[in-house]
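**Q** Show me the folded form of this:
(chains A and B)
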Amino acid sequence: DTGVSQNPRHKITKRGQNVTFRCDPISEHNRLYWYRQTLGQGPEFLTYFQNEAQLEKSRLLSDRFSAERPKGSFSTLEIQRTEQGDSAMYLCASSFGRSGKYGYTFGSGTRLTVV
Amino acid sequence: DQQVKQNSPSLSVQEGRISILNCDYTNSMFDYFLWYKKYPAEGPTFLISISSIKDKNEDGRFTVFLNKSAKHLSLHIVPSQPGDSAVYFCAASEGNQFYFGTGTSLTVIP
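**A** Residues are numbered from 1 along each chain as shown, chains lettered A, B, ... in the order given. The predicted structure is shown next:
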């Protein structure tokens, strides 16, 4: 297990299309997080799963966004009817238990460009 | 409403000297503070953390200082090395999420 894996690394889509990203966390990690990072900003929290349960969602996560983590393993983040403002780096992270002291392990991200 | 702020977008230091990166926060309920390092085209990598009940934590060349009364923390890197050149993000945790600053780009000049 080499860390958190995200696919695809890059995605270019036309406005109005739907996109789906995948995250494979570190296998023994029970917590999974999605963050979004735009140019010149730090990562912003989107949502968090403990096992298969989605326990927290940010107000940034509009109704066009949906995330799932079936069976508590990999996760998908879908954006419907993409808008140019959705262009960003989408980061997935995982941890075992609360991560305040040891931080999360982040993946390399999926860069979305909406044209 | 930015709860964690890094007011210096960039910093350049000579190899071997000290790098000091600063971060301010507004929420007194944060329980852990962390520093992440990010290289281009990679995700952030955890570097060091400090609990809100401590004022200093050291790990090798990296030391984080926390001043709760000023709501300020800093990361000291001594001695700085060219491989330390990266973007450094300060983050603070409350509950199950982290709040990140906007990052400081550190360049260590050989």
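**Q** can I assume residue A:79 is in contact with residue A:17?
**A** No: contact status for residue A:79 versus residue A:17: not in contact, 9.1 Å apart, counting by C-beta atoms under 8 Å. Yep, even glycine has a C-beta here, placed from its N, CA and C like the rest.
**Q** For those two, work out which one has more neighbours and name it.
**A** Neighbour count, other C-beta atoms under 10 Å in any protein chain shown: between residue A:79 and residue A:17, residue A:79 has more, with 23 against 13.
**Q** Next one, pLDDT for that one please.
**A** Among the per-residue scores, residue A:79 shows a pLDDT of 97.
**Q** Tell me who's in contact with it.
**A** Each residue near residue A:79 by C-beta atoms under 8 Å, 6 or more residues apart in numbering or on different chains is listed here: A:18-20, A:64-65, A:86, A:112.
**Q** got those as JSON lines, with secondary structure, distance to residue B:5 and pLDDT columns?
**A** Converted to JSON lines, those look like this (DSSP: H, G, I helix; E, B strand; the rest coil; distance: C-beta to C-beta, whole Å; pLDDT from 0 to 100):
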{"residue": "A:18", "secondary structure": "coil", "distance to residue B:5": "35", "pLDDT": "98"}
{"residue": "A:19", "secondary structure": "strand", "distance to residue B:5": "32", "pLDDT": "98"}
{"residue": "A:20", "secondary structure": "strand", "distance to residue B:5": "34", "pLDDT": "98"}
{"residue": "A:64", "secondary structure": "coil", "distance to residue B:5": "29", "pLDDT": "96"}
{"residue": "A:65", "secondary structure": "strand", "distance to residue B:5": "27", "pLDDT": "96"}
{"residue": "A:86", "secondary structure": "helix", "distance to residue B:5": "25", "pLDDT": "96"}
{"residue": "A:112", "secondary structure": "strand", "distance to residue B:5": "26", "pLDDT": "98"}
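**Q** which parts of chain B sit against chain A?
**A** Within chain B, the positions near chain A by C-beta under 8 Å from any C-beta of the partner chain are B:4, B:31-32, B:34, B:36, B:41-46, B:49, B:51, B:89, B:91, B:93, B:95-103.
**Q** from those, which would you call buried?
**A** The neighbour-count test (16 or more other C-beta atoms under 10 Å in any protein chain shown) marks B:4, B:32, B:34, B:36, B:43-44, B:46, B:49, B:89, B:91, B:93, B:96-103 as buried among those.
**Q** Would you state the strands of the chain in chain order?
**A** Answering for chain A, as no chain was given. Ranges of strands within chain A are A:5-7, A:10-13, A:19-24, A:31-37, A:44-50, A:53-57, A:65-68, A:75-79, A:88-95, A:105-106, A:110-114, based on DSSP state E.
**Q** meant chain B actually
**A** For chain B, the strands defined by DSSP E cover B:4-5, B:10-14, B:19-25, B:32-38, B:45-51, B:56-59, B:62-67, B:72-77, B:86-94, B:97-100, B:104-109.
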